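Participant: let's see this in three dimensions:
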Amino acid sequence: MGRKPDEPPGDTVCFDFNPKPLRVICADDEEPSRELLTGLLGKLGHTVVSFPDGEQALAAIVADPGEFDVLITDNEMGRMNGIDLVREVRKTKFTGKIVVISAYLEDGLREKYRALGVSSSLGKPCSERALLEALKN
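Facilitator: You can find the predicted model right below:
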């Protein structure tokens, strides 16, 4: 995909990628990752609620499956990993997009996520551009 004529080169992104604010739930055991994601998406007008593990994120989704538009999860976390979280979320009425961001995503695991209907699987660290592309409607 080429650069728009008015778009600066590099990893700078145009922030008008989504016309409506998203309600994002994030599960990641690394606090700096949660803070980075919350800061980036927050400055774009999106609301981010984050949890340090899959169990807590799942509880929030089960409590109100329609509360969130997007689930962003890490794969490797304590108490409940990403694949188990996604499996359990698929048993709820959650209809939002699911994005996995993890440093540990070999091809076999990516295929498992695809089979569970995950929209995007990104390596960690990922660029802002890759994240925003994954969140596009």
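
Participant: scan the chain for its longest helix.
Facilitator: Looking across the chain with DSSP state H, the single longest helix is helix 31-43.

Participant: contacts for the helix or strand following it?
Facilitator: Going down the chain from helix 31-43, the next helix or strand is strand 47-51, by DSSP states H and E. The contact list for strand 47-51 (Cβ atoms under 8 Å, 6 or more residues apart in numbering) reads 21-28, 34, 37-38, 41-42, 57, 60, 68. Where you see a C-beta, it was placed from the backbone N, CA and C, and this is true even at glycine.

Participant: ok, stretch 25-33 next?
Facilitator: Residues from elsewhere that reach stretch 25-33 (Cβ under 8 Å, 6+ apart): 34, 37-38, 48-54, 56-57, 60-61, 67-68, 70-74, 76-78, 82, 85, 101, 124.

Participant: partner residues bridging the residue positioned nearest the centre of the chain?
Facilitator: Nearest to the geometric centre of the chain sits residue 72, at 2.2 Å (Cα atoms, centre = their mean). For residue 72, the beta-bridge partners are residue 26, residue 99 (DSSP bridges).

Participant: spit out the contact partners of it.
Facilitator: 24, 25, 26, 27, 28, 37, 98, 99, 100, 101.
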